[in-house]
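Enquirer: can you look at this prediction? I've put the sequence above it.
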Amino acid sequence: MADRSYVYEPVSIEAPVKTQAHSMEQGQLWRQYIIAGVANIGIMATGFALGWTSPVNLKLLHPDDTPLSRPVTNDEISWIGSLISIGAMFGPFIGGFLASKVGRRWGILLSSVPLIVGFILMIAVQNVGMIYAGRVFWGLAVGILYTVSPMYCAEIATDDKRGALGSFLQLFVVFGLLLVYGVGPFVSYFALQYVGIAVVAVFCVLFFFMPETPMYYLNKDDIDSAAKSLQFIRGKSRAGVQAELDKMAAEVTTANEKTANLSDVFRGANFKAFYIVCILVAVQQFSGINVVLFYMATIFEAAGASLDSAIATIIIGAVQVGASAITPLVVDRLGRRMLLLISCTGTTVGLGLLGVYFILDTNGSPVVDNMRFLPILALVLFIVTYCVGLGPLPWAIMGELLPIEVKALASPIATAFCWMVSFLVTRYFNPIADAVGMGVAFLIFGVCCIIAFFFTFFVVPETKGKSFQEIQEMLAGKPGARGLWVLTICKVLGADRGPKEF
């Protein structure tokens, strides 16, 4: 049954007449930004949940403001921080199921259920086990939204704006982080939970009136609802969206001719898309972003900064928001690969500087006293360049590369893999840092960013401005300009042949 929770302009059931005026119809393309923004308010709520430990850990260590009868231990703090990743490993499979069975829109809306359950558990908390459970429920919501939201944004976007809408995920995550960083230290434990519930409530109310994606309706052979959805998103008449609708229908028809099952994810061009996405989300976590943010206070202390830790955290949150706001403005001009290469370079330099500083400091080098500014400089460089590329673009690329017929199967696996890596990095960083030193640990993360640079340069295809069909043709091996360019370089270097162009 077609979704009727929002109002469309009346559409004639007669076949539209394609006139020159209709083909040049401008519409209201800003609508896709509004719709994607509302969809990502749910992502903002997950950012709130991810950053929740920053202000709350201090409250739990001194539980006068919480219902706990005793302070939590350091080991419990570690589990509280990492259990959200456990929930996020399972959430993608729920999200993939919901996206294919009830639609992208309802999949996103239903993510509010585990979010609300998590906040209720935090309010009713009587022991640490309830906090653990709340973090797992939040993780389920994170996994659902990180799977379905990129899918939704990719499917409502025009080809030339898909990168911008895909990068909204990172922007709204850091909005959520900044909110919890800015409010958490200055309100009670209980008041903070109510702020989180308010964010979820706003998300539910606003997104309820947003449309389902045309692609989902076309997959269900509901062409009329797909047309109405596309009209609502583009702000055009039926005749004005007919050409785009026909193109979408052709892509869906081609995809539906292939009966997709799990084994299809690991075949041919599907597998190319899948392993590219998996490696990108893995290097995102192996960049050490969560560890760097966790040790922010240590980095400020090493620099001799006199700022209060709460104020310092708010400043870093604001830097994240500012940097993340750059990507939607430039990603469809510079392209995904260029921003990823810039990001990998900047994060490598930032981690290298942090690593060298901590090694010198550990060894008692006298030059450290003249380099107290270096940790903050390195921290800002790392965060800015991470938020420009490695933060948002793996999710945007996931929504673009994975073919329609396997997207609901492959996206959950890739997202679950991301959060498994996140859990391993956050849970076991301390033992590794104790064994080799924090400076060496940061250098290891830097090496991972170097690997990400070369992987992006030689393997990741550029999807800027390309339709889903054109992207699949690239993955299938049809050469493009970059392939000819790389082949020329290889010939100059004396190689017989270059790497195959995706």
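Expert: Nice, I can see it.

Enquirer: tell me the contacts of Asp246?
Expert: By CB atoms under 8 Å, 6 or more residues apart in numbering, the contact set of Asp246 is empty. Yep, even glycine has a C-beta here, placed from its N, CA and C like the rest.

Enquirer: and the gap between it and Val252?
Expert: Asp246 sits at a distance of 11 Å from Val252 (criterion: CB to CB, to the nearest Å).

Enquirer: what's Gly163 in contact with, if anything?
Expert: Applying CB under 8 Å, 6+ apart to Gly163 gives the contacts 328, 331-332, 335-336, 393, 396, 400, 463-464.

Enquirer: which one of those residues is nearest Lys161?
Expert: Top of the list for closeness to Lys161, among the contacts of Gly163 and by CB to CB, is Asp332 at 6.2 Å.

Enquirer: just the element for the closest one, please.
Expert: For Asp332, the host element (DSSP states H and E) is helix 309-334.

Enquirer: which helix or strand lies directly C-terminal to that helix?
Expert: With DSSP H and E, the next secondary element past helix 309-334 is helix 336-362.

Enquirer: quick one: that following helix to helix 309-334, angle?
Expert: Between helix 336-362 and helix 309-334, the angle comes out at 150 degrees (axes from the mean of the first three to the mean of the last three CA atoms, to 10 degrees).

Enquirer: next SSE downstream of helix 336-362?
Expert: As the chain continues past helix 336-362, the following element, by DSSP H and E, is helix 374-385.

Enquirer: so for that next one, what gets flagged as buried?
Expert: 374-376, 378-379, 381-385 (16 or more other CB atoms under 10 Å).

Enquirer: which one of the residues you listed is nearest Phe274?
Expert: Nearest to Phe274 out of the buried residues of helix 374-385 is Thr385 (CB to CB; 26.4 Å).

Enquirer: who's in contact with that closest one?
Expert: Applying CB under 8 Å, 6+ apart, the residues near Thr385 are 323, 342-343, 345-347, 350.

Enquirer: how close does it get to Gly317?
Expert: According to CB to CB, Thr385 stands 17 Å off from Gly317.

Enquirer: Gly134 too?
Expert: 22 Å.

Enquirer: equivalent analysis for Pro461, please.
Expert: Computed as CB to CB, the Pro461 to Gly317 distance reads 33 Å.

Enquirer: report how many residues lie close to Phe186.
Expert: The number of residues packed near Phe186 is 10, by other CB atoms under 10 Å.

Enquirer: make that Asn261, sorry
Expert: When neighbours are counted by other CB under 10 Å, Asn261 comes out with 10.

Enquirer: ok, and the closest non-adjacent residue to it?
Expert: Among residues not flanking Asn261 along the chain, Leu409 sits closest, at 7.7 Å (CB to CB, 6 or more residues apart in numbering).

Enquirer: same check on Ala36?
Expert: Spatial nearest neighbour of Ala36, excluding adjacent residues (CB to CB, 6+ apart): Leu165 at 4.4 Å.

Enquirer: so what's the residue count around that neighbour?
Expert: For Leu165, using other CB under 10 Å, the count is 28.

Enquirer: what's near enough to touch it?
Expert: Listed by CB under 8 Å, 6+ apart, the contact set of Leu165 reads 32-33, 36, 153-154, 156-157, 328, 396.

Enquirer: can you tell me the element it falls in?
Expert: Applying DSSP H and E, one finds Leu165 within helix 162-166.

Enquirer: could you list the alpha-carbon positions for that helix in PDB?
Expert: This file holds the C-alpha atoms of helix 162-166, laid out as PDB (Å, rounded to 0.1, in the frame of the first residue of the first chain):
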ATOM      1  CA  ARG A 162      24.600  12.800  -3.900                       C
ATOM      2  CA  GLY A 163      28.000  13.400  -2.300                       C
ATOM      3  CA  ALA A 164      26.800  16.400  -0.400                       C
ATOM      4  CA  LEU A 165      23.800  14.600   1.000                       C
ATOM      5  CA  GLY A 166      25.900  11.500   1.800                       C
END
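
Enquirer: how far does it sit from the chain's center?
Expert: A distance of 11 Å separates the C-alpha centroid of helix 162-166 from that of its chain, computed with CA atoms, centre = their mean, to the nearest Å.

Enquirer: and stretch 271-280, by the same measure?
Expert: Put simply, stretch 271-280 sits 15 Å off its chain's centre (CA atoms, centre = their mean).

Enquirer: buried residues, that stretch. List them.
Expert: So, applying 16+ other CB under 10 Å, buried residues of stretch 271-280: 272-274, 276-280.
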